[in-house]
Structures are given as C-alpha cells and as structure tokens.
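> based on what follows, work out the 3D shape:
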Amino acid sequence: MARVSGMTRPEVDSGRVRQHFSCHAGDYDRYAVVQKRVVEGLLKRLRAAGDAAGPVLEVGVGTGVLGQKFSGEYPHLPLVISDIAHGMTWHAARVVHEAMPLDADAQNLPFRSQRFGLMLSSSMYQWVNDLPQAFAESARVLKPGGRFAVALFGENTLCELRDSHRQAVAECGCSRGSHVQAFPTLREVQAALQAAGFADIRVETADEVEHHVDVPALLRSLKKIGAQNANSAGPSGLASRRVMQRMMEIYRERHADQGGVPATYQVIYALGVVR
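Model prediction:
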C-alpha cells in the first residue's frame, strides 16, 4: 500500500506510470486541457509568493508546459527539468531549450543536498507511493530558504467517474475495484509537508471542470494523457461490458448537462519554505 503520512492508498505501480506517460507523450498536449489550467494556477501562486531564486528544479516535467512558461517569465534562473518517464523528459527537452533534462524519480532525487533555490511540480505528485518521502527528498535538495511550489490532484478528482463505476459494479454484482486512481486528501498533503520540515506552508484547493461530448470521449482523453489506473492490484480494464454500459448510463443520468458530461478535478496547490 502507498504511504501518505500514516494513511494508506492502493500502491501505484511506477512501471505502469512510466510506461503510460512515455507512450502518450506525443498526445499529451492535445488532451491535457485541465493540466494546462493547473500550470497557470501554479504560476499565479508562485508570482504572489514573491521573488524566486535559483537554480530551479522541476519534477514531473511532462511535455514541458510549465518549464517553458517558467523560463519565459524567469529567464535568468537556471532550470533543470526531470521526469520518471523518459518519453516525457525527451519530449520536454525539445521545447524547453534552456533547461538541463534528465530522468529522475521524485522519491529518490539524484542530486546532492541543498542544491536548488526553488522546486516546481505540476500534476505529478498524485502518482507517487510515499508522499512524505517524496516531499522529504524535495526538502533535502532545497537550500535553506528555498521554496517548494507544487500542484497535484486530490481525492475528489474524477468523482463522477468513480461514483458511477462504483454504482455500476454494485448493481451488476461484480467485485472489481475502481478504475480511477486513488489520490491523496488535502489533510494528507498538509501532513506530508509538515513531516518533511517545510515552514510557511500554504495549501488550498480549487476545482477544475472539463466537459466531454460523452463518457467514451472522457475515457479516451484519460488514456491519451497516460492517466490510466496504475494501481499495482487494480483492474487492467474498466470492467466487463455490462458494467461498462451501466456505468456510462449512470454517468449520463446523474451528471450530463448542456455542455456534455463533466469531469471534475480537485487541484491541491501547496507552497512551503525550507527552514
């Protein structure tokens, strides 16, 4: 089980995460609508926090959207970009020309202590198994006074899909687990930051809603950005055809509106400073 400040969630298979995101690096920017909004939200909060110092490390660079925007606003700060998925690192290196790219695991960063003045991450930390360990690694590589600014998806993300699938499974008498990844709670994120020794912690949430034509379009979009279930013990597919059909019916009945079917993402923004 994944550890989050004394609590557990189904363990994430890091190999699946690496494979999913590497395979879909070419599709990511086309489908990652919410993730691009999250980048803007994180940069807005970083600007409000005051001056930034370097060098800067971005963990979970993805296709380089955050790194590219950050470099445009802070061209004087040296930037290192990293991702556990080599396909993403390679893709980002082609668009964030000023940065140094490398593959890296957020739970075991390949840098000496007190190396960076700022660490950034957007839409990544929900995929790590040990959030306290990952945040402790971030604190370790930051200089005293260094800033940590991240955005990740919280437990209510894709609540419509999760609830519809759970109801369909119950009605069909199946026992398969949820297809939707279990993400951390706001309390878990706060506790992990405190355990890592960060000070001046600021945590807030904001919902982002994305509409799709129908449920199959939503599922295709999730697949295209690599955001598939990576639980080590989770189902390899959504479920049987009967459960799938019932899930889509429930989703439409309960959630469809004039814009199509909504998908809600709970975004957790967190900032902290190393003592």
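> which helix or strand contains Arg187?
Per DSSP states H and E, Arg187 falls inside helix 186-195.
> could you pull out the buried residues of that helix?
186, 188-193, 195 (16 or more other Cβ atoms under 10 Å). Where you see a C-beta, it was placed from the backbone N, CA and C, and this is true even at glycine.
> ok, the residues you listed vs Val261, which is closest?
Nearest to Val261, judged by Cβ to Cβ, of the buried residues of helix 186-195 is Leu186 at 25.6 Å.
> and the closest one, what does it touch?
Counting by Cβ atoms under 8 Å, 6 or more residues apart in numbering, Leu186 touches 154-155, 203, 205, 268.
> how many residues are close by Gly272?
Here the number of neighbours of Gly272 (other Cβ atoms under 10 Å) works out to 26.
> scratch that, Asp103
If you count neighbours by other Cβ under 10 Å, Asp103 ends up with 15.
> can you check Ala199 too?
The tally of other residues near Ala199 (other Cβ under 10 Å) stands at 11.
> equivalent analysis for Ile268, please.
By the criterion of other Cβ under 10 Å, Ile268 has 26 neighbours.
> pLDDT value on the closest residue to it other than its chain neighbours, please?
Spatial nearest neighbour of Ile268, chain neighbours left out: Gly154 (4.6 Å); criterion: Cβ to Cβ, 6 or more residues apart in numbering. pLDDT, Gly154: 96.
> re the thing from before, quick check: mean pLDDT of the helix holding Arg187?
The pLDDT scores in helix 186-195 average 97.
> give me the sheet partners of the very next helix or strand once past it and which way each runs.
Counting by DSSP H and E, the element after helix 186-195 in chain order, helix or strand, is strand 198-212. Strand 198-212 sits in its sheet next to strand 261-274 (antiparallel), going by DSSP bridges.
> hang on, Leu43 packs against Lys69?
Yes: in this structure Leu43 lies within contact range of Lys69 using Cβ atoms under 8 Å: 6.2 Å.
> ok, then the element right after the longest helix anywhere in the chain?
Using DSSP state H, we find that the single longest helix of the chain is helix 33-49. Counting by DSSP H and E, the element after helix 33-49 in chain order, helix or strand, is strand 56-59.
> so what does that following strand touch, helix or strand wise?
helix 65-73, strand 79-83, strand 116-122 (3 or more Cβ pairs under 8 Å, 6 or more residues apart in numbering; DSSP states H and E).
> let me see the mean pLDDT of it.
The average pLDDT within strand 56-59 is 98.
> from what I can see Ala136 touches Ala195, true?
Yes: using Cβ under 8 Å, Ala136 is in contact with Ala195, at 7.2 Å.
> how much does the helix holding Arg187 deviate in direction from strand 261-274?
20 degrees (axes from the mean of the first three to the mean of the last three Cα atoms, to 10 degrees).
> could you dump helix 186-195 to CSV, C-alpha only?
Extracted C-alpha coordinates of helix 186-195, given in CSV (Å, rounded to 0.1, in the frame of the first residue of the first chain):
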residue,chain,number,x,y,z
LEU,A,186,-5.8,17.7,1.5
ARG,A,187,-5.0,16.6,5.0
GLU,A,188,-2.5,14.1,3.8
VAL,A,189,-0.7,16.7,1.7
GLN,A,190,-0.5,19.1,4.6
ALA,A,191,0.8,16.3,6.9
ALA,A,192,3.4,15.3,4.4
LEU,A,193,4.7,18.8,4.0
GLN,A,194,4.9,19.2,7.8
ALA,A,195,6.7,15.9,8.2
